[in-house]
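>>> Mind folding the following:
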Amino acid sequence: MTIRTDAPKRKPYLGVQMEGPIASWYDRSTRGRIPEFVRTAEDVAAWLPKGSRVLEVAPGPGFLAIELAKRGYSVTGIDISKSFVEIAGRNARDAGVTIDFRRGDVARMPFGDNSFDFVVCVAAFKNFPDPVAALDEVHRVLRPGGSASIQDLRKEATDPEIAAEVRGMNQGRVNTLITKWIFRTALLRAAYRTEAALRLAARSRFGYGRITTKGVGFDLRLAKR
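Just a heads-up that it's a prediction; the model follows:
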């Protein structure tokens, strides 16, 4: 079993640190997206056998991980934010499911080789300082034949697409205005174009990837041969 411990020290995230009040605000504001997480979990359940080991990278408040656990998967989550690990653990307990949430860096994950059947990462890939190292680690912890889904905002998203996305979050008026502002001033600036995401996949140990787009985002699918 191999666990990476020799990576150089560096800031393990880009952008704003999601701790304390900011993490609590994100927890509250993201609850309107629970139906979206339910749909994602149902899509996974349509092809991934129950009992499979699933890793969610950067689960934040843990809502997708919770929906996956409800569907019979053994779920682990790893997040760089201490606040999110605590919040996600509390949300999982409130939902009546058991999930192993841990604090850690995606580029130095504390898991052995070939540990998971499926890895998913939603809305966090653009914040990884070394995206190729992150993809290499995802490749390492996947079992042969396992797959990964990297879902994130695409830089090409238009203002009408962003407005439709924010409306679907079912937030209050103030949070809606704040979220639109965050999309335009921070998230789009950090986001990848779909072609750039494919180039990163090609540089990683996966060697390739395929992308589908929907609304403001893309879904980069990867498989370990």
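>>> can you pull the buried residues of the longest strand seen in the chain?
Counting residues, the longest strand found in the chain (DSSP state E) is strand 142-153. For strand 142-153, a neighbour-count test (16 or more other Cβ atoms under 10 Å) marks Leu142, Gly146, Ser147, Ala148, Ser149, Ile150, Gln151, Asp152, Leu153 as buried. C-beta: built from backbone N, CA, C; applies to glycine.
>>> How far off centre is it?
Centre-to-centre, strand 142-153 and its host chain are 10 Å apart (Cα atoms, centre = their mean, to the nearest Å).
>>> Just the C-alpha atoms of that strand, please, in PDB.
Written as PDB, here are the backbone C-alpha positions of strand 142-153 (Å, rounded to 0.1, in the frame of the first residue of the first chain):
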ATOM      1  CA  LEU A 142      -9.000   4.400  -7.800                       C
ATOM      2  CA  ARG A 143      -9.000   0.700  -8.300                       C
ATOM      3  CA  PRO A 144      -8.300  -0.600 -11.900                       C
ATOM      4  CA  GLY A 145     -11.500  -0.200 -13.800                       C
ATOM      5  CA  GLY A 146     -12.700   2.500 -11.500                       C
ATOM      6  CA  SER A 147     -13.900   5.900 -12.700                       C
ATOM      7  CA  ALA A 148     -14.100   9.600 -11.700                       C
ATOM      8  CA  SER A 149     -16.400  12.500 -12.300                       C
ATOM      9  CA  ILE A 150     -15.000  16.100 -12.100                       C
ATOM     10  CA  GLN A 151     -17.800  18.500 -12.200                       C
ATOM     11  CA  ASP A 152     -17.200  22.300 -12.200                       C
ATOM     12  CA  LEU A 153     -18.100  25.600 -13.700                       C
END
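>>> please begin residue numbering at 443 from this point
Taking 443 as the first residue, the last one we looked at is strand 584-595.
>>> avg pLDDT for the longest helix seen in the chain?
When the chain is parsed with DSSP state H, its longest helix is helix 524-537. What helix 524-537 shows for mean pLDDT is 97.
>>> With stretch 507-518 instead?
98.
>>> mind checking how far it is from the chain centre?
For stretch 507-518, the separation from the chain centroid amounts to 14 Å (computed by Cα atoms, centre = their mean).
>>> follow-up on the earlier one: how about the longest helix of the chain: buried residues?
Buried-residue list, helix 524-537, by 16+ other Cβ under 10 Å: Ser525, Phe526, Val527, Ile529, Ala530, Gly531, Asn533, Ala534, Ala537.
>>> Does the second one touch Phe505 like I think?
No - Phe526 lies out of contact with Phe505 (Cβ atoms under 8 Å); the separation is 11.3 Å.
>>> now the helices for this structure?
462-472, 476-487, 505-512, 524-537, 573-583, 601-609, 615-624, 630-632, 636-645.
>>> Okay, now the unreliable bits of this structure?
The model of the chain has pLDDT under 70 over residues 443-458, 605, 607-608, 610-613, 620, 622-629.
>>> please redo it, this time with the cut-off set to 50
443-452 (pLDDT under 50).
>>> ok now do the residue of the chain most remote from its centre, which residues does it touch?
Residue farthest from the centre of the chain, counting by Cα atoms, centre = their mean, is Arg615 at 26.1 Å. The contact partners of Arg615, taken as Cβ atoms under 8 Å, 6 or more residues apart in numbering, number zero.
>>> cool, Lys597 as well?
Shown in contact with Lys597 (Cβ under 8 Å, 6+ apart): Leu630, Ala633, Tyr634, Arg635, Ala638.
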